[in-house]
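Peer 1: Any chance you can model this:
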Amino acid sequence: MKVAVSRVGRTLWVHLCFVVLVTGVQGVQTVAGQPSWPDTVRFLEQSTFGPTVPLIAHVQGVGFEAFLNEQLRAPLTDYPDLPFWPQARPALQCAGDCQRDNYTNYLLQRHFFLNALYGQDQLRQRVAFALSQILVVSRVDVPLPSWMRSYQQLLYRGAFGNYRQLLSDVTLHPTMGRFLDMLNNRCQARTPPSPTVCRNGVLAQPNENYAREILQLFSVGTFLLNRDGTRQLDRGGNPIPTYDQTTVEEFSRVFTGWILAPALSGPAEVDGTVPNYRDPMRVRQDAQGREDYHDRGPKTLLNGVQLPAGQSQRGELAAAIDNIATHPNVAPFISKQLIQHLVTSNPTPGYVERVASVFTANQNSPTQLYEVARAILLDTEARGDSRDPEPLYGKLREPVQFITNILRAFNATSDGVLNSLSVGGSAIGSAEMGQDVLNAPSVFSFYPPTARVPGESVLGPQFALFSSLTSLRRANFVNRVIFSTIPASAGNRPTGTSIDLAEWERLANDPEQLIAALDGLLLHGAMSNEMRDAIRVAVESIPASNLPSRVRTAIYLVATSSQYQVQR
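Peer 2: Sure, this is the predicted structure:
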């Protein structure tokens, strides 16, 4: 869905929306069957990269379910199709912009933010971003953006798809193969040699990295779970492990024998071929067409499932993915993490169970993840004008979401250069706030789902990125975009970023109306009386002749407040 209106039309629309907004937060009834303004704002905070006034009006008009159906059909905006250059940059053939575009993540990160700000498929993007923090790869060991692009494109296109299929696709993607060492993984040679089990192995055991992480992070987790996400306990009250080291070793033997697909032609500037990080990995075969690196012995998987010896490498991989994907832990383990990314860090067991039930019921559906996202967003625990007085509800806005929410709220014009950003000696980009897009520090992403709020016993994963330094950078970002602009800079920042506050200045003669409008757009009408009074005093201290300063001051105080930093 795209709302396109003329400048005059948009001004009228925004004016009408402000009337609804200001009166709505004072308790005016909405049209029968139409979602309220506050709940619509909350819904869009959860399902998009930030509410906009026209989008709020649209969703109020069509309703939540119709909007989700629109999102299922919304057009995708693919990542830029980058050429595959050699891993070692040829300095003479690729310098300047070529070096930046093909040997850094600049174009991918810029596209990510542009799509988040202006793309029509907002929900797909939010789910894909969540999946990228669960099924992690990183520039830490993926040096070329063309390699990273093909993997992110996989998550983007699969964000509404089937999770079992996504696990299979991720497993065979060469970028994941490189990141977690499944690529070129070889069976262990037997003594005496046993070609029927390991035809061309090595003395060391197969690499365990992918086997460990697909179990620990991508599917079942480390302890057996009830359907509601709580841990199952033994008779002694202890959690029950999902698997042990032997299980990891058995799966590591499954994940042997995969190599890159045939090489690709290099760019015109470079003779020869380049490694294929575009197509799925293939079976390594010897000159006689026999599987060469794969362990063909029997194996024992989760829940004691036996894989007999002598199966084909592809057949065995499919059986192993089935064994993982159908484990009862997958539904609550993945469902809870998706809830945490979209809605709240501490979902109740009932919330997790309801979503996990949808995950399981759609196990064979080609739109399983869409149905899960839909269940998350329409659940009674997600909906309502406000979740007060529930002290554990909500989530800290992670840096990417913090940046995009503010820019979308105020009709920003941006070149998308928002990841690594320094202006006037102040570091204010997402990376500087702790979230370097496509460059997570490890397979555990930017923060683990089990991270807790410092000094508290409750979960607050995003707080792992929040410190005195990053909180200052958040405030500096708001200060820069509200009171000034992110200026263009020759080379890497073609147009910069600025917001449009002209239509807000009409409200600044009446501080109460201005604050109410900001409350409705940014805080869905949940601003505390103390905060409202403090902002009113600050705004009224500015002469009415300086309407722009009144608007900017009010927005700055809201956007830097703790009430805004935590999405509730």
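Peer 1: so what secondary structure elements neighbour the helix or strand where residue 55 lies?
Peer 2: In the assignment (DSSP states H and E), residue 55 maps to helix 53-62. Here helix 53-62 touches helix 7-24, helix 37-47, helix 64-73, going by 3 or more CB pairs under 8 Å, 6 or more residues apart in numbering; DSSP states H and E. The way it works is simple: take the backbone N, C-alpha and C, and place the C-beta from them, glycine included.
Peer 1: Worst mean pLDDT among those?
Peer 2: The minimum mean pLDDT among the helices and strands packed on helix 53-62 belongs to helix 7-24 (a mean of 46).
Peer 1: Taking helix 64-73 as reference, get the angle to the helix holding residue 55.
Peer 2: Comparing the axes of helix 53-62 and helix 64-73 via axes from the mean of the first three to the mean of the last three CA atoms, to 10 degrees yields an angle of 120 degrees.
Peer 1: Give the helix, strand or coil label for the nearest residue to residue 348 once chain neighbours are set aside.
Peer 2: Nearest residue to residue 348, sequence neighbours excluded (CB to CB, 6 or more residues apart in numbering): residue 381, at 6.3 Å. Three-state call for residue 381 (DSSP: H, G, I helix; E, B strand; the rest coil): coil.
Peer 1: quick one: contacts for residue 381?
Peer 2: Contacts for residue 381 (CB atoms under 8 Å, 6 or more residues apart in numbering) come out as 343, 344, 347, 348, 350, 351.
Peer 1: Export those residues to a markdown table and append columns for neighbour count.
Peer 2: A markdown table is the format used below for these (neighbours: other CB atoms under 10 Å):
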| residue | neighbour count |
| --- | --- |
| 343 | 27 |
| 344 | 23 |
| 347 | 26 |
| 348 | 16 |
| 350 | 13 |
| 351 | 23 |
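Peer 1: Taking the residues you listed, tell me the two that lie furthest apart.
Peer 2: Maximum pairwise distance in the contacts of residue 381, criterion CB to CB, is 13.6 Å, between 343 and 350.
Peer 1: quick one: contacts for the residue most central in space within the chain?
Peer 2: In the chain, the centroid-proximal residue (CA atoms, centre = their mean) is residue 129; its distance is 1.9 Å. Neighbouring residues of residue 129 by CB under 8 Å, 6+ apart: 341, 400.
Peer 1: gap between it and residue 430?
Peer 2: Residue 129 sits 12 Å away from residue 430, going by CB to CB, to the nearest Å.
Peer 1: Ok, residue 555 next?
Peer 2: Applying CB to CB to residue 555 and residue 430 gives a distance of 20 Å.
Peer 1: got the end-to-end distance for stretch 387-398?
Peer 2: 20 Å (CA to CA, to the nearest Å).
Peer 1: Mean confidence (pLDDT) on it, please.
Peer 2: If you average the pLDDT values across stretch 387-398, you get 94.
Peer 1: Pull the residues that contact that stretch.
Peer 2: With CB under 8 Å, 6+ apart as the criterion, stretch 387-398 contacts 340, 343-346, 405, 435, 446, 458, 460-463, 465-466, 526, 564-568.
Peer 1: try 7 Å
Peer 2: Applying CB atoms under 7 Å, 6 or more residues apart in numbering, the contact partners of stretch 387-398 are 340, 344-346, 405, 435, 458, 460, 462-463, 465-466, 526, 565-568.
Peer 1: and if you look at stretch 523-538?
Peer 2: Counting by CB under 7 Å, 6+ apart, 25, 38, 41-42, 385-386, 388, 511-512, 515, 519, 553-554, 557-558, 561, 563-564, 568 sit against stretch 523-538.
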